[in-house]
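>>> What follows is a predicted structure for the sequence shown.
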Amino acid sequence: MKIVDVVCAPGRTGFFFDDQKAIKAGAVADGAAYIGTPVTPGFKSIRQAGESISVMLILEDGQVAWGDCAAVQYSGAGGRDPLFLAEDFIPVIEKHIKPVLVGKEADNFRALTKEMEAIQVDGKRLHTAIRYGVSQAILDAVAKASHRLMCEVVADEYGTTVSDKMVPIFTQSGDNRYDNADQMILKEAAVLPHALINNVETKLGRDGSILKEYVTWLRNRILQLRHDENYNPILHIDVYGTIGQAFGDENYTAMADYLEELAEAAKPFHLRIEGPMDAGEREKQMLCMKHLREEVDRRGIPVELVADEWCNTLEDVIYFCDNKAGHMAQIKTPDLGGINNTIEAVLYCKKNHFGAYQGGTCNETDRSGQVCVECAMATQPDQILAKPGMGVDEGYMIVYNEMSRILALRNAKKA
């Protein structure tokens, strides 16, 4: 089944692009906006509308396969590619992707994505967002051409088994960390609440007391609202490097002391802390995560550390995994480019006994969320992010329902 055309459409994402450097430097929130001057190149304001590009592959029988190009909320930060705007990158797709794909047989996902990922413009690889969306469309095209589910294509080509149960879903609250936590608990989300702890003064506390108070509240709220005593979600909190800011990026004793307090406050629920510090570059970040993990493990503190900042690409995930820089990696799907890299990252982490969190960003689309579910059902990571958006209900619905459809269709085939 040949690809006969490539059509692009500009779109919106489920959230915003935010200038992380400006926010960390103290930009003041004003309703849904931020007051101040942007710092990261490409931003016209500290917060601006997220953009996407739908890439549609037209097959010779008229079927349309598609995926969405999208970039993370904090584009241009932590070693990531720059701000992704549709008007800038649709011409790139039409000039450099379309000629490569038109006329190709949609018969092998890995081969087609490898060819696409090898394309360079002025000596540089294509923006991660482009590779992300085009690879989704390629997977859908191969699935449609062969009358398989996307997860079945992945399983067949990578030698895996499609899961016969739900992958645990991790929900994110945004700044509405109290009301949204209630929604997560009522829906019995397996992992929660993310919490967006991205400011020391207002969200962590100079001594960590603000976050500790929140963890205590969250623990009590789960016990109060849960209908089933067997509902024991994992508490996963992203602190955006603020623990390192408060206690010192290399002060492992002080950070571990604080993590021990948080773990105690979280009991009886298991605690994960994402991005405890941001050391400013990859090598130092790896070493800081490695040393803090060693201190936590030596003391038997019941907390898992999740690598995020400076762990962006497939190569980065492998590097952090090999050095046991933390206990788990967030495989931030848009940052890895083609979803083939997400698949390989999950499988590498699992093979090497490192936690695999197939993540992403609130700033994606319904389509990228669905395709990521297809990949997760074939690779079975430890958890998958509910996305897009920060409203809980929408992202959770998209991810949950896609998994439910996969399970129902595969069960129907067996009947």
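That came through, no problem.
>>> May I have the predicted confidence score for the residue nearest to L126 when sequence neighbours are not counted?
If you skip the residues right next to it in sequence, L126 has I119 as its closest partner in space, 5.7 Å away by C-beta to C-beta, 6 or more residues apart in numbering. C-betas here are computed from N, CA, C, even on glycine. pLDDT, I119: 95.
>>> can you check the one 4 residues further on too?
At G123, the pLDDT value in this model is 92.
>>> ditto for the one 3 residues further on
On pLDDT, L126 comes in at 96.
>>> isn't it right next to Y132, touching?
No - look at L126 against Y132 with C-beta atoms under 8 Å: they stay out of range, at 9.8 Å.
>>> and the gap between the residue nearest to L126 and K95?
10 Å (C-beta to C-beta, to the nearest Å).
>>> The two: who's more crowded?
Using other C-beta atoms under 10 Å as the criterion, I119 and K95 rank with I119 on top: 16 against 10.
>>> Where does the prediction get shaky in the stretch 51-200 of the chain?
Across the stretch 51-200 of the chain, the ranges flagged by pLDDT under 70 are 78-79.
>>> Just the helices from it, written as ranges.
Under the criterion DSSP state H, counting those that start in this stretch, the stretch 51-200 of the chain contains helices at 86-92, 98-101, 109-117, 128-146, 150-158, 179-186.
>>> go on, the stretch 251-400 of the chain?
Taking DSSP H, counting those that start in this stretch, the helices of the stretch 251-400 of the chain run over residues 252-266, 282-299, 314-322, 339-351, 366-379, 393-414.
>>> can you list the residues that contact the third one?
It refers to helix 314-322. Contacts made with helix 314-322 from outside it, assessed by C-beta atoms under 8 Å, 6 or more residues apart in numbering, are listed as 282, 286, 289, 307, 310-311, 325-326, 329, 331, 336, 341, 344-345, 348-349, 352, 354.
>>> next one: the fourth one
The contact list for helix 339-351, computed with C-beta under 8 Å, 6+ apart, reads 109-110, 113-114, 117, 132, 135-136, 139, 154, 158, 160, 313-314, 317-318, 321, 328-329, 331, 333, 336, 355-356, 358, 371-372, 375-376, 378-381.
>>> Buried members of these into PyMOL, please.
When burial is assessed using 16 or more other C-beta atoms under 10 Å, the buried subset of the contacts of helix 339-351 is captured in PyMOL by this command:
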select buried, resi 109+110+113+117+132+135+136+139+154+158+160+313+314+317+318+321+328+329+331+333+336+355+356+358+371+372+375+376+378+379+380+381
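>>> Can you point out the buried residues in stretch 282-289?
In stretch 282-289, the ones that count as buried by 16+ other C-beta under 10 Å are R282, Q285, M286, C288, M289.
>>> what's the first one in contact with, if anything?
So the one you mean is R282. Contacts for R282 were tallied using C-beta under 8 Å, 6+ apart; they are G79, W310, C311, D316, Y319.
>>> which one's the longest strand in this protein?
Among the segments of the chain that qualify as a strand by DSSP state E, the longest is strand 3-18.
>>> Check what contacts the following helix or strand past that strand and list those residues.
On the C-terminal side of strand 3-18, the closest following helix or strand by DSSP states H and E is helix 20-24. Defining contact as C-beta under 8 Å, 6+ apart, one finds that helix 20-24 is touched by 34, 36-40, 43, 46, 74, 77-78, 198-199, 240-241.
>>> Counting neighbours, which of these end up buried?
A residue is treated as buried here by neighbour count (16+ other C-beta under 10 Å); on that basis the buried members of the contacts of helix 20-24 are 34, 36, 38-40, 43, 46, 74, 77-78, 198-199, 240-241.
>>> List just the nearest of those residues to N401.
Y74 (27.5 Å; C-beta to C-beta).
>>> correct me, but the closest one touches F16?
No - Y74 is not in contact with F16 according to C-beta under 8 Å; the separation is 10.2 Å.
>>> Next, the buried residues of stretch 12-24.
Result for stretch 12-24 [16+ other C-beta under 10 Å]: buried residues T13, G14, F15, F16, F17, D18, D19, Q20, K21, A22, I23, K24.
>>> same thing with stretch 54-67?
Of the residues in stretch 54-67, those buried (16+ other C-beta under 10 Å) are S54, V55, M56, L57, I58, L59, A65, W66, G67.
>>> my guess is the second one meets L139, correct?
No - contact between V55 and L139 fails when scored by C-beta under 8 Å: they sit 11.7 Å apart.
>>> Mutual contacts of the two, please.
With C-beta under 8 Å, 6+ apart applied, the overlap between the contact sets of V55 and L139 consists of G67.
>>> which residue sits closest to the residue nearest the centre of the chain, ignoring its sequence neighbours?
A centroid search over the chain (C-alpha atoms, centre = their mean) returns G360, at 1.7 Å, as the residue closest to the centre. In this structure, G360 finds its nearest non-sequential neighbour in T333, 4.2 Å apart by C-beta to C-beta, 6+ apart.
>>> OK, contacts around that neighbour?
Taking C-beta under 8 Å, 6+ apart as the definition, contacts of T333 comprise Y132, I339, T342, Q358, G359, G360, T361, E364, S368, C372.
>>> again, but for Q136
For Q136, counting by C-beta under 8 Å, 6+ apart, the contacting residues are V55, W66, G67, D68, I339, R367, S368, V371.
>>> swap the cut-off to 6 Å and go again
Under the criterion of C-beta atoms under 6 Å, 6 or more residues apart in numbering, the contact partners of Q136 comprise G67, I339, V371.
>>> Save those as JSON lines, and put in distance to L186 too.
Below are these laid out as JSON lines (distance: C-beta to C-beta, whole Å):
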{"residue": "G67", "distance to L186": "32"}
{"residue": "I339", "distance to L186": "31"}
{"residue": "V371", "distance to L186": "28"}
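>>> Sweet, I'm off.
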